[in-house]
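Engineer: sequence below, structure please.
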Amino acid sequence: YTEFYQRTISQRQKTNFPPFTYLLKLTCVYKTEAAAIRNAKKLSELLKSNFDNIEVFGPTPAFYERVRDTYRWQIIVKSPRRQELLDALNLLPSSHWQYELDPVSLL
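Structural biologist: Numbers count the residues shown, from 1 in each chain. Below is the predicted model:
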């Protein structure tokens with residue numbers, strides 16, 4: 001177990017993953033795929049232009065892209081400071097978006 005931990009924690013530090021950074025998963029849910037893509041791209045660009053110390057990955061289709069006649073796209077945001085992720089939530093539109101701070105899974 002100790003060897004696994006040392007190897008894993010070393011990899012996480014090199015790749016800047018938790019516990020060495022913080023993650024935010026943003027998921028948009030729309031009736032049409034075009035709307036999901038358009039709005040996910042819009043938020044991604046907004047995040048990139050408003051914050052210097054965050055990394056934005058995506059948008060990409062969510063693991064379960066289509067659920068009950070809706071389309072889901074997601075954005076992953078990484079930052080060394082939790083406060084930047086909390087500030088990023090202020091840019092989130094009031095509808096069609098879900099978020100998970102320190103997500104258990106990126107799926």
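Engineer: strands of the chain, start to end?
Structural biologist: Secondary structure of the chain by DSSP state E: the strands cover 22-30, 55-67, 70-79, 97-101.
Engineer: what residues does the one helix or strand in the chain whose mean pLDDT sits lowest touch?
Structural biologist: Averaged element by element with mean pLDDT, DSSP states H and E, the chain has its least confident helix or strand at helix 2-14 (a mean of 93). Contacts made with helix 2-14 from outside it, assessed by Cβ atoms under 8 Å, 6 or more residues apart in numbering, are listed as 17-20. C-beta coordinates here come from the backbone N, C-alpha and C atoms, glycine included.
Engineer: one step back: could the strands of the chain go into TSV alongside mean pLDDT and distance to A36?
Structural biologist: Formatted as TSV, the entries for these read as follows, by pLDDT from 0 to 100; distance: least, Cβ to Cβ, whole Å:
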stretch	mean pLDDT	distance to A36
strand 22-30	98	4
strand 55-67	96	8
strand 70-79	97	4
strand 97-101	97	11
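Engineer: what would those strands look like in JSON lines with mean neighbour count?
Structural biologist: Putting the strands of the chain into JSON lines (neighbours: other Cβ atoms under 10 Å) gives the following:
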{"stretch": "strand 22-30", "mean neighbour count": "21"}
{"stretch": "strand 55-67", "mean neighbour count": "15"}
{"stretch": "strand 70-79", "mean neighbour count": "20"}
{"stretch": "strand 97-101", "mean neighbour count": "15"}
